[in-house]
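In: Need coordinates for the following:
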Amino acid sequence: MLLDHLRFTPTLLSKPAPRGLAAETTLLHFVIVTYMVDPSVLRAHLHPRFEPDCIGIDGAAPQGLVSVVTFLDRDFRFVVCPWFKSSFGQTNYRSYVTDTVTGEHVACSSAPALIRFHLRFLGTSGGFPGTALA
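Out: Prediction:
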């Protein structure tokens with residue numbers, strides 16, 4: 001899907017109330033590096049439900065986007081047990097896609113630590129569509 005423009009709306013900019021296993025943290029040293037990639041190569045790593053969002057620059061063929069995001073979680077905690085805090089570095093990989101079921105533009109994250117937890121303790125990938133990018 002070629003993107004001509006995207007706009008933030010008040011709904012997209014408002015923070016939902018935390019619930020369940022919601023986590024909160026303060027991010028430090030946040031760095032994001034985004035690469036343009038062949039959308040057919042990216043598509044091979046995505047769940048069939050997702051279609052790469054593409055951009056074209058200066059008349060070139062539209063390209064998909066993949067980002068490497070690294071940061072320090074300074075005080076990571078779950079809302080249900082705020083007394084437990086942890087600090088650690090984290091690197092995530094994300095692709096920018098459209099959910100073909102809902103029509104929403106989303107960042108499909110591989111969330112490596114969460115996927116490893118699911119694989120080790122639950123024996124599944126947790127249904128994370130981006131696991132092939134981990």
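In: can you pull out the helices in this protein?
Out: 10-13, 39-43, 112-117 (DSSP state H).
In: Now do the longest one, average pLDDT.
Out: Averaged over helix 112-117, pLDDT sits at 50.
In: quick check, distance from the longest strand anywhere in the chain to the centre of its chain.
Out: Secondary structure of the chain per DSSP state E: the longest strand is strand 81-99. Here the centre of strand 81-99 is set off from its chain's centre by 9 Å, with C-alpha atoms, centre = their mean, to the nearest Å.
In: next one: stretch 31-42
Out: That offset, for stretch 31-42, works out to 13 Å (C-alpha atoms, centre = their mean).
In: Identify all contacting residues around stretch 23-38.
Out: Stretch 23-38 has contacts (C-beta atoms under 8 Å, 6 or more residues apart in numbering) with 18, 55, 57, 63-79. (C-beta placed from N, C-alpha, C; glycine too.)
In: Please convert the buried members of those into PyMOL selection syntax.
Out: Those of those that count as buried under 16 or more other C-beta atoms under 10 Å are selected in PyMOL with:
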select buried, resi 63+64+65+66+69+71+73+76+77+78
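In: Stretch 74-84: end-to-end distance?
Out: Taking C-alpha to C-alpha, to the nearest Å, stretch 74-84 runs 12 Å from one end to the other.
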